[in-house]
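[1] Build me a model from this:
(2 chains)
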Amino acid sequence: MIDIRYLRSEPDTVRGLMARRNKPELLGLLDEALGFDSRMRDITAERDAIRQQVNELSKQVGTLRRNGDDKAAEGLQAESRSLGDKEQTLAAETDEVTAKLKDVLLRLPNIPHADVVVGTDDSQNPTITGPMNLPASFPEHQRVAHWDTATALGILDNERAVKISGAMFTMQRGAGATLARALCQYALDSNADAFEEIRPPSLVSTATLTATGQLPKFADDAYSMSKDDLWCIPTAEAPLTSIHAGEVLAEADLPIRYMAHSSCYRREAGSAGRDTRGMLRSHEFDKVEIFSIATPEGAPAMLIELITRVERVIANLGLPYRIIEICTGDMGQSHHRSFDIEVYAPGCDAWLEVSSISWFSDYQARRGDIRMKRTGQKGTEFAHTLNASALAVPRVWAAIMENFRQEDGSVAIPAVLHPYMRGTTVIHAK
RNA sequence: GGAAGGGUGCCAGAGUGGACGAAUGGAACGGUCUCGAAAACCGUCAGGGGUGCAAGCCUCUCGGGGGUUCAAAUCCCCCCCCUUCCGCCA
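    Numbering: from 1, shown residues only, chains lettered A, B, ... in the order given. This next block holds a predicted model:
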């Protein structure tokens, strides 16, 4: 959520920053929020004034009763009772307007950082690093789609995955399955120097998915279990963020660094039929996420740290990659500033998004009520959250199949993964 | 899933309708004392919302939500969570 007090005190600044997202309807939402807020404060003030009178009368009733003056007490009770009726009407209206305001605020996206490049869509995302490791040209034997290579090697069996679960599910076998797991282990080990490993729940509550921003607006994208009011996590970001929901953290304990490997579940409601072959898009995939809660002033440095860490993980695999910044028109709902790392896949002839590194400012913290207390100061403020996919398995797996395919159709495994491959350094057909 | 007992501030813990946003103890922080520390003593010590230049004032919050009442931590209802026992189970 954005800060309603910020919007209230500097509406034009917020309008200006939000306009950079190039979504005109957002300005209407801002005005709606301002309207509800103004109304809410008016009736709250009125309601509280009546409550004050009721509280005072009740105190007097108590005193009169104790002194045995029941007749006077009854008079005051009657007076208080009629005030109570008025209070109830106002309270009902307050609740209604508050709910409306909250609904608008939950749907409003985050305010982009002032340095984010303005654009309308992903075609305007600037490349800020690279391309790195990109050869001038690729030999023919690398111009083969990973699904063909992997199916021929017997390490990808999507046909049976579809039989088991339906369209857009994948299944790796043998060295292919080992490779998927090796990538996770490698990504975790690469960040274990500073990040505490977490094994969070994969099924989470509505509140948890609301904190990170998936709900209420993107409910169709998530799998839900209506019997139990639980949701399958689309990313470990959700449970990691809510670890400290409702807590007040000491400034001295920040930044907090967590990492987690999890399966991720996505309905891909808007993209049925797209990227249906191979490993580019599926309903269930594995990912290692790195996550941090930082102070507002510590957040920019943490963003750099996350980018640096993810870049190192990808670069050490030897894959061609580039880093792009997400422009205002392409930014996600919760993002304050965001970067993607893409790897090049010569077989598909496409840049594949394999990691997203994001700074959420206090947007998620406000939704999840994650606060911090400054050393030696009174009061609290919202912390900042940031996260990055350290490694999303399927597309990296696919890029390895295409970049390291050899003339005989086998695939060489990057050296950094060898420790996790049970001795396999090249995947040959069985 | 069934039964019983619980959920109060940073922690422990009192509070069963009115003087309670909450006794008492501990912790923490500030101070006095001290060369310094300990002890002792004094003080501070919840968060949200509204309002105000500010000091302050008002309001809400005792797991969550509803209800009864002039008045609820306290009475009633629903839900959640924790503990123990039983059942089931990898």
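
[2] Now do the contacts for the residue nearest to residue A:283 when sequence neighbours are not counted.
    Nearest residue to residue A:283 in three dimensions, chain neighbours excluded: residue A:168, at 5.0 Å (Cβ to Cβ, 6 or more residues apart in numbering). Where you see a C-beta, it was placed from the backbone N, CA and C, and this is true even at glycine. Neighbouring residues of residue A:168 by Cβ atoms under 8 Å, 6 or more residues apart in numbering: A:268, A:272, A:276, A:281-283.

[3] next one: phi and psi at residue A:168?
    Residue A:168 adopts backbone torsions of phi 70, psi 30, taken as degrees, to the nearest 10.

[4] With residue A:408 instead?
    Dihedral angles for residue A:408 - degrees, to the nearest 10 - are phi -80, psi 10.

[5] Let me know the distance separating it from residue A:102.
    Distance, residue A:408 to residue A:102, by Cβ to Cβ, to the nearest Å: 61 Å.

[6] out of these two, which sits in the busier spot?
    A direct count of neighbours by other Cβ atoms under 10 Å for residue A:408 and residue A:102 places residue A:102 higher, at 15 against 9.

[7] Am I right that the more buried one is in a strand?
    No. Counting by DSSP: H, G, I helix; E, B strand; the rest coil, residue A:102 is not found in a strand; it is helix.

[8] for RNA strand B, what are the nearby residues on the stretch 1-150 of chain A?
    Within the stretch 1-150 of chain A, the positions near RNA strand B by Cβ under 7 Å from any atom of the strand are A:4-5, A:41, A:44-45, A:48-49, A:51-52, A:54-59, A:61-62, A:65-66, A:77, A:80-81, A:84, A:95.

[9] now the strands: where do they sit in the stretch 1-150 of chain A?
    A:127-132 (DSSP state E, counting those that start in this stretch).

[10] where along it do the helices fall?
    Along the stretch 1-150 of chain A, counting by DSSP state H, counting those that start in this stretch, helices occupy A:4-9, A:11-19, A:25-66, A:70-107, A:146-153.

[11] Who are the packing partners of the longest one?
    In terms of contact count using 3 or more Cβ pairs under 8 Å, 6 or more residues apart in numbering; DSSP states H and E, helix A:25-66 is assigned the packing partners helix A:4-9, helix A:11-19, helix A:70-107.

[12] circling back: if any of the residues of the stretch 1-150 of chain A next to RNA strand B are buried, put those into a ChimeraX selection.
    Per 16 or more other Cβ atoms under 10 Å, the buried members of those correspond to this ChimeraX selection:
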select /A:4,44,54,57,61,77,80,84
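
[13] And the residue of the stretch 101-250 of chain A closest to RNA strand B?
    residue A:248 (6.8 Å; Cβ to the nearest atom of the strand).

[14] Now that that residue has come up, it's in contact with residue A:372, right?
    Yes. Taking contacts as Cβ atoms under 8 Å, residue A:248 lies within contact range of residue A:372: 6.9 Å.

[15] intersection of neighbour lists for those two?
    residue A:380.

[16] For those two, indicate the residue with more neighbours.
    residue A:372 (25 against 13).

[17] I figured residue A:403 hits residue A:314, correct?
    No. The pair residue A:403 and residue A:314 does not pass the contact test of Cβ under 8 Å, sitting 11.8 Å apart.

[18] I'd say residue A:185 and residue A:422 touch.
    No. Contact criterion Cβ under 8 Å: residue A:185 and residue A:422 do not qualify, at 11.7 Å.

[19] neighbour count winner among the two?
    Legend: neighbour count by other Cβ under 10 Å for residue A:185 and residue A:422, higher for residue A:185 (14 against 9).

[20] domain assignment for chain A?
    A:4-107, A:122-427 (automatic domain parsing).

[21] Spit out the contact partners of the residue of the stretch 101-250 of chain A closest to RNA strand B.
    So residue A:248 contacts A:371-373, A:380 (Cβ under 8 Å, 6+ apart).

[22] residues in contact with the closest residue to it other than its chain neighbours?
    Using Cβ to Cβ, 6+ apart and skipping residues adjacent in sequence, the residue nearest residue A:248 is residue A:371, 4.7 Å away. Residues near residue A:371 by Cβ under 8 Å, 6+ apart: A:247-249, A:365, A:380-383.

[23] do the same with residue A:36
    For residue A:36, the contacting residues are A:97, A:100-101, A:104, by Cβ under 8 Å, 6+ apart.

[24] So which bits of the stretch 201-350 of chain A are right by RNA strand B?
    By Cβ under 7 Å from any atom of the strand, the residues of the stretch 201-350 of chain A that approach RNA strand B are residue A:248.

[25] what about the stretch 201-350 of chain A, any weak spots by pLDDT?
    Confidence mapping of the stretch 201-350 of chain A against pLDDT under 70 gives the ranges A:272-273.

[26] That one: helices as residue ranges?
    Going by DSSP H, counting those that start in this stretch, the stretch 201-350 of chain A shows helices at A:206-212, A:237-242, A:299-315.

[27] The shortest one: which residues count as buried?
    Taking 16+ other Cβ under 10 Å as the neighbour-count basis, helix A:237-242 is seen to contain the buried residues A:237-242.

[28] Stretch A:259-274 now?
    A:259-262, A:264-268.

[29] now, among these, which is nearest to RNA strand B?
    Closest approach to RNA strand B among these (Cβ to the nearest atom of the strand): residue A:262, at 16.7 Å.

[30] And for that closest one, nearest residue in space, chain neighbours not counted?
    Closest to residue A:262 by Cβ to Cβ, 6+ apart is residue A:236, at 4.0 Å.

[31] I figured that neighbour hits residue A:243, correct?
    No. Contact criterion Cβ under 8 Å: residue A:236 and residue A:243 do not qualify, at 10.7 Å.

[32] Neighbour count: the two, which is higher?
    Higher neighbour count among residue A:236 and residue A:243: residue A:236, with 26 against 17, using other Cβ under 10 Å.

[33] gap between the more buried one and residue A:387?
    Counting by Cβ to Cβ - residue A:236 and residue A:387 are separated by 9 Å.
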